[in-house]
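Colleague: fold the stuff below for me.
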Amino acid sequence: MNASTAVGDPPPFVRLAAHPVRWRLLQELVRSDRAVLELTALVDEPQSLVSYHLRLLRDGGLVSARRSSADRRDSYYTIDLGACREGLDTTSGALHPAFHVATAPPDPRREHAARRRRVLFLCTGNSARSQIAEALLEHLSAGAVEARSAGSNPKPLHPNAVRVLRGRGIDISARRTKHLDELATERFDEVITLCDRVREVCPEFPARPAHVHWSIPDPALEGPTNRASYPAFVRTADELERRIGFQLHRLTAPATTRRTRNDQR
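Modeller: The predicted model follows:
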C-alpha cells in the first residue's frame, strides 16, 4: 500500500479495548462494579497485571475508580458506558461513515405480554439512593419493569431524594422506607446493591437472582445541611438515570437474548 492509499492509525478506543485482558475487564465491569481482587479472580491474571491494565483504562476515560465506603483500603472500578458507546461510534465511523452506531433507546413495551422483570435496589438507609433508583426504573421503563427498594438499616426518607425526583416529574413523598428483611422471601430477577456496606450483608434471595453492584456514594454525606448536600443528590440521580438507561437494554431484551447473555456469565 502506497502513501496515497494508506489509512490512519486505529482510533484510540480500538487500541485501548482490543487488548484481550482489557476487553475481558470491560466485559466484567459491564455486569457489575468490581474490586481489584474480584477482577483478578474473574480474568485469572496476576493482580499487578490487572492493576496495570485498569490504569490504562482509567487514563483512557473508559473506567473510573471510587474508594470503597465499606473498606477504605479498597476501591471499586466502574465502566463509563457512555464513553464506550461514543468510542464504538467513533470507531465504526472511522472505518466507514455508513457504520456509525445508531443505538435506539430500549422499548420497554416490546415484551408487554411477558412476565414483568422484577428488580430490587438496596442501600444502607433506603432513604435516598435506592429510593431514587426504584422510582427512576419504574419511570424509565414505563411500568414494564417492577422495581422495589430496601435497606439494611432504614432511615426516614430524605427530603432531598423527594426534591430531586420532583424536579424530574416523579413524586415519592408518600413512600416509606423498608428493611431488606421485608423482601427476603420475594423473588427478583436482579438485585442491585448501591452501597458498598450493604453489598457485604446482602442476603441470598429465592431463585438466586443476578447480583449487580453499583458503587455509589451516599449523597447525604456530601454536606452538613440538606441545602449543602442537594447538588450531590442531583449528581446521584443523574448517575442512576444513566446506569438504569443502559440496564434497561438487558431488562427488556427478548428472553432468548437474556439467556444467551446469562450463559456467558
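Colleague: the longest helix anywhere in the chain: which residues count as buried?
Modeller: For the chain, the longest helix by residue count, based on DSSP state H, is helix 226-251. The neighbour-count check on helix 226-251 (16 or more other C-beta atoms under 10 Å) flags 229-230, 232-233, 236-237, 239-241, 243-248, 250-251 as buried. The way it works is simple: take the backbone N, C-alpha and C, and place the C-beta from them, glycine included.
Colleague: tell me where the model's unsure across the protein.
Modeller: Across the chain, the ranges flagged by pLDDT under 70 are 1-7, 100-114, 253-265.
Colleague: and the helices in it?
Modeller: Here the chain has its helices, by DSSP H, at 12-17, 20-31, 36-43, 47-59, 81-95, 129-140, 159-166, 196-201, 226-251, 255-263.
Colleague: for R116, find the nearest of those.
Modeller: helix 226-251 (9.6 Å; C-beta to C-beta).
Colleague: now the angle from the closest one to helix 129-140?
Modeller: Angle of helix 226-251 versus helix 129-140, following axes from the mean of the first three to the mean of the last three C-alpha atoms, to 10 degrees, is 50 degrees.
Colleague: helix 226-251 to helix 159-166, inter-axis angle?
Modeller: Using the same axes, to 10 degrees: helix 226-251 against helix 159-166 is 50 degrees.
Colleague: circling back: most packed of the helices of the chain?
Modeller: Highest mean neighbour count of those: helix 129-140, a mean of 25 (counted as mean count of other C-beta atoms under 10 Å).
Colleague: chain center to it: distance?
Modeller: Taking the mean of its C-alpha atoms, helix 129-140 sits 13 Å from the chain's own mean (C-alpha atoms, centre = their mean, to the nearest Å).
Colleague: need the helices of the chain in TSV with distance to S149, can you?
Modeller: Below are these laid out as TSV (distance: least, C-beta to C-beta, whole Å):
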stretch	distance to S149
helix 12-17	34
helix 20-31	21
helix 36-43	24
helix 47-59	30
helix 81-95	22
helix 129-140	4
helix 159-166	11
helix 196-201	11
helix 226-251	11
helix 255-263	22
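Colleague: still on that earlier bit, packing partners of the longest helix of the chain?
Modeller: Contact here means 3 or more C-beta pairs under 8 Å, 6 or more residues apart in numbering; DSSP states H and E; on that basis helix 226-251 packs against helix 81-95, helix 129-140, helix 159-166.
Colleague: so can I have a markdown table of those showing distance to D9?
Modeller: As requested, the helices and strands packed on helix 226-251 are exported to a markdown table (distance: least, C-beta to C-beta, whole Å):
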| stretch | distance to D9 |
| --- | --- |
| helix 81-95 | 10 |
| helix 129-140 | 38 |
| helix 159-166 | 43 |
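Colleague: indicate which one of the ones you listed is closest to C202.
Modeller: Among those, helix 129-140 comes nearest to C202, with 12.1 Å by C-beta to C-beta.
Colleague: contact partners of that closest one?
Modeller: Identification of contacts with helix 129-140 by C-beta atoms under 8 Å, 6 or more residues apart in numbering yields 108, 119, 121-123, 145-151, 157-158, 161, 164-165, 168-170, 172, 175, 177, 192, 194-195, 216, 218-219, 233, 236-237, 240-241, 244-245, 247-248.
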